[in-house]
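Engineer: Need a 3D model of the sequence below.
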Amino acid sequence: MQTKKLIAVDLDGTLFGADHQLSPRTIKAVHAVVDRGHTVLVVTGRSAFSAISRLTSLPSSVRAVCSNGAYELDRQTHLKRWSQPLPAASAIAIRQQILQHLPSASFGWESDTGLNFEEKFALEAGGAHTLEQGGSREPFGISDVLKLYVRTPELQRGDLQKAVKATVGDDAEASASNVPFIEVSAPGVNKGSALARVAAELGFAQHQTIAFGDNHNDLTMLRWANEGVAMGNAMDDVKLEADTQALDNSDDGVAVSLEQRVSNDEL
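Structural biologist: Numbering: from 1, shown residues only. Next up, the predicted model:
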């Protein structure tokens, strides 16, 4: 058997199928690589409120980093192993900066207490039912912010990311995925830095890592890993930066890749 590997996987558009759930084939493939002594790390843009309950069929050893690298949640205790939030004062200042340049912006935020959305944000999303839910509500600025959601009627995804990044500079990290809004985290907090952190904690060298992803918020992770694997359904620029490519998520792309690697004794 080959050297033990740390395998990082995004969820939506990657490990999940089109129904945003794990397929039986994917569950079996993850169990197989874990049984062979490898470590699987979920690194998702989702909060723990909507991610953890979807992972119950995976081995208990599978670790979970949520909200684009803002924290890791222990799946057994449901306590955070570590977190890297935006201090409340910084979040207030960043929100004000964004509003000065994008006055039509509306916001949501995740704190330790739960997920919260301004009424304007929820209305433009098509209703609160379309958004992640969990925890209890509290006014903005009371607690540190794990992830700040930003949306405008005019700009979406990458265009909005560029506009916000030009506004906040190095004061925060802005990431875009396959949703109209973007997400803002503390400086240096992204999926790549989270993968590097967990790898160091577990004693994996960079050359022992593989990462699977499909969207812009996965790029830092794909770049950091020794082998970055883009899904067949990935954004074109993500495919360009990846080392290799898997099948679409709807075709169990991660599972097929893992099965092939096990069969070839690469895992």
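Engineer: use CA for all of it now, contacts and neighbours both
Structural biologist: Will do.
Engineer: Pretty sure Thr26 sits against Ala255.
Structural biologist: Yes - the pair Thr26 / Ala255 is scored as a contact, 4.8 Å apart, by Cα atoms under 8 Å.
Engineer: if I look at Phe16, how far off is Ala93?
Structural biologist: Computed as Cα to Cα, to the nearest Å, the Phe16 to Ala93 distance reads 36 Å.
Engineer: neighbour-wise, which of those two wins?
Structural biologist: Neighbour count, other Cα atoms under 10 Å: between Phe16 and Ala93, Phe16 has more, with 21 against 14.
Engineer: so what's the closest residue in space to the more buried one that isn't next to it in sequence up against?
Structural biologist: Once flanking residues are discounted, Phe16 sits nearest to Leu22: 5.0 Å by Cα to Cα, 6 or more residues apart in numbering. Counting by Cα atoms under 8 Å, 6 or more residues apart in numbering, Leu22 touches Leu15, Phe16, Arg54, Leu55.
Engineer: which stretches of the stretch 51-200 of the chain form strands?
Structural biologist: For the stretch 51-200 of the chain, the strands defined by DSSP state E, counting those that start in this stretch occupy 63-66, 71-73, 80-83, 106-110, 115-117, 147-151, 173-176, 182-185.
Engineer: Give me the helices and strands touching the last one, please.
Structural biologist: Same thing as strand 182-185. Under the contact criterion of 3 or more Cα pairs under 8 Å, 6 or more residues apart in numbering; DSSP states H and E, strand 182-185 touches strand 147-151, helix 157-168, strand 173-176.
Engineer: same thing but 6 Å
Structural biologist: On a contact count with 3 or more Cα pairs under 6 Å, 6 or more residues apart in numbering; DSSP states H and E, strand 182-185 meets strand 147-151, strand 173-176.
Engineer: Give me the sheet partners of that strand and which way each runs.
Structural biologist: If you go by DSSP bridges, strand 182-185 pairs up with strand 147-151 (antiparallel), strand 173-176 (antiparallel).
Engineer: quick one, domains of this structure?
Structural biologist: Following automatic domain parsing, one gets these domains for the chain: 6-83+189-263, 88-185.
Engineer: which of those domains is buried the deepest?
Structural biologist: Sort the domains of the chain by mean neighbour count, taking mean count of other Cα atoms under 10 Å, and domain 6-83+189-263 sits at the top with a mean of 20.
Engineer: could you dump the domains of the chain to a markdown table with mean pLDDT?
Structural biologist: Shown next, in a markdown table, are the domains of the chain (pLDDT from 0 to 100):
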| stretch | mean pLDDT |
| --- | --- |
| domain 6-83+189-263 | 97 |
| domain 88-185 | 94 |
